[in-house]
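**Q** This is a predicted model, with the sequence first.
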Amino acid sequence: MPRFALVVVPVAALLMLTACTAVLPAVAPDTESVKQPGQLTYVSLGDSYATGYGPNGPGESFAQIVARQENLHLVNLACNGATSADLLTQPACGPETEGRTQVDATVDALRTGEVGLVTMVIGANDLLEPCAVAEDPGSCATAAATDTRNNIGTMLTKMREAAPDVKIVGLSYPDVFLGAWVNPEFSNGEDVARASVKLYEDFNGEIAAEYAKFGASYVDVTSRTGGYGALTDLTQDPKYGEIPSPVAEVCALTHYCDQGDVHPTPAGHQAIADAVIAAGR
């Protein structure tokens, strides 16, 4: 059983701040490309990480980068603010979804036999808002991980029934909570950053195991953006001075440290895209 109770209470204040900064428009921007003859389709499911939402408006998401670099036809069904339950129950975003959920639209695409890649980035919104206001954040986080894992299992069951062998890649998120180390809003920011390491290890371990059951790949974006690293490993940051290297990395790859926004910078989206491309080969 994940030991979220050991780590979430110090993070509760940061959860609240993160939830407050993550109020997004529900409709994602139109990022679907025009399909060329013989081109394979790439279906992107998830939340605002997949839409390219950022503090300065929408930008190029990792999904768009993957499609461009791999010459794939992108069908981006992701919706800003989506939870894992939303992927199964709420209308997908993007053009020509005709009221279908993200999962149902994906299954229909898979049945055409023209899909070469599916990515899913989901789960952050399952955790942030409900657990930010919960009386017992530890129990809330444990329940959120269970719900996310079960919903992902339901999604993957449907997808594998439609296409047993298509490449499916799940993704985690950067540990933006590391940014509390340099955030002046928190008197205990260093404690919050330390606590976040175990939180992400446990949550991601639960989710990665579910993807593995269905033969899907799992890209641990947390580890690729500074997460889990030793906070005793220091570096000189031009803005914040001497700080832990993992904190400097997450500050460079997300907007959290300088703008209080949890979304990736352009460099962050590129890093995620590179990881997806590597996992898809």
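**A** Received it, and whenever you're ready, just let me know what you need.
**Q** Name the nearest residue to Cys131, sequence neighbours excluded.
**A** Cys140 (4.0 Å; C-beta to C-beta, 6 or more residues apart in numbering). From N, CA and C alone the C-beta is placed, and that goes for glycine too.
**Q** Surely that neighbour forms part of a helix?
**A** Yes: checked against DSSP: H, G, I helix; E, B strand; the rest coil, Cys140 lies within a helix.
**Q** give me the number of residues near it?
**A** Other residues near Cys140 come to 21 when the count uses other C-beta atoms under 10 Å.
**Q** what's the distance between it and Ala193?
**A** 20 Å (C-beta to C-beta, to the nearest Å).
**Q** do Tyr228 as well
**A** Tyr228 is 12 Å from Ala193, by C-beta to C-beta.
**Q** Looking at these two, which has the bigger crowd around it?
**A** Ala193 (27 against 15).
**Q** Model confidence at the more buried one, what's the number?
**A** Ala193 carries a pLDDT value of 92.
**Q** which SSE is it in?
**A** In this structure, Ala193 is located in helix 189-213 according to DSSP states H and E.
**Q** now for the helix or strand that that helix is followed by, which elements pack on it?
**A** Downstream of helix 189-213, the next assigned helix or strand under DSSP H and E is strand 217-219. Judged by 3 or more C-beta pairs under 8 Å, 6 or more residues apart in numbering; DSSP states H and E, strand 217-219 is in contact with strand 167-171, helix 189-213, helix 266-279.
**Q** Helix or strand next in line after strand 217-219, which one?
**A** Following strand 217-219 toward the C-terminus (DSSP H and E): helix 221-224.
**Q** Can you give the contact residues for that following helix?
**A** Identification of contacts with helix 221-224 by C-beta atoms under 8 Å, 6 or more residues apart in numbering yields Val121, Leu171, Ser172, Tyr173, Pro174, Asp175, Tyr200, Asn204, Tyr228, Ala271, Ile272, Ala275.
**Q** My guess is the second one contacts Val118. True?
**A** No: applying C-beta atoms under 8 Å, one finds Leu171 not in contact with Val118, separated by 11.4 Å.
**Q** got the residue ranges for the strands in the chain?
**A** Here the chain has its strands, by DSSP state E, at 41-46, 73-76, 115-121, 167-171, 217-219, 234-237, 241-244.
**Q** Next, the buried residues of the helix holding Ala193.
**A** 189-190, 192-204, 206-208, 210-211 (16 or more other C-beta atoms under 10 Å).
**Q** got it, and stretch 102-115?
**A** By neighbour count on 16+ other C-beta under 10 Å, the buried set for stretch 102-115 is Gln102, Val103, Asp104, Ala105, Thr106, Val107, Ala109, Leu110, Val115.
**Q** pLDDT of it, averaged?
**A** On average, stretch 102-115 scores 97.
**Q** before we move on, back to that, I'd say the residue nearest to Cys131 and Asp126 touch.
**A** No: assessed by C-beta under 8 Å, Cys140 is found out of contact with Asp126, at 10.1 Å.
**Q** ok, now how distant is Glu60 from Val219?
**A** 18 Å.
**Q** now swap in Gly38 and tell me
**A** For Gly38, the distance to Val219 - C-beta to C-beta - is 27 Å.
**Q** what does Pro238 give?
**A** Counting by C-beta to C-beta, the gap from Pro238 to Val219 is 29 Å.
**Q** and what of Ala252?
**A** Distance from Ala252 to Val219, by C-beta to C-beta: 19 Å.
**Q** higher neighbour count, the two?
**A** Ranked by neighbour count (other C-beta under 10 Å), Ala252 and Val219 place Val219 first, with 24 against 17.
**Q** quick one: contacts for the more buried one?
**A** So Val219 contacts Val169, Gly170, Leu171, Ser172, Ile272, Ala275, Val276, Ala279 (C-beta under 8 Å, 6+ apart).
**Q** isn't the last one right next to Ser217, touching?
**A** Yes: taking contact to mean C-beta under 8 Å, the distance of 4.4 Å between Ala279 and Ser217 places them in contact.
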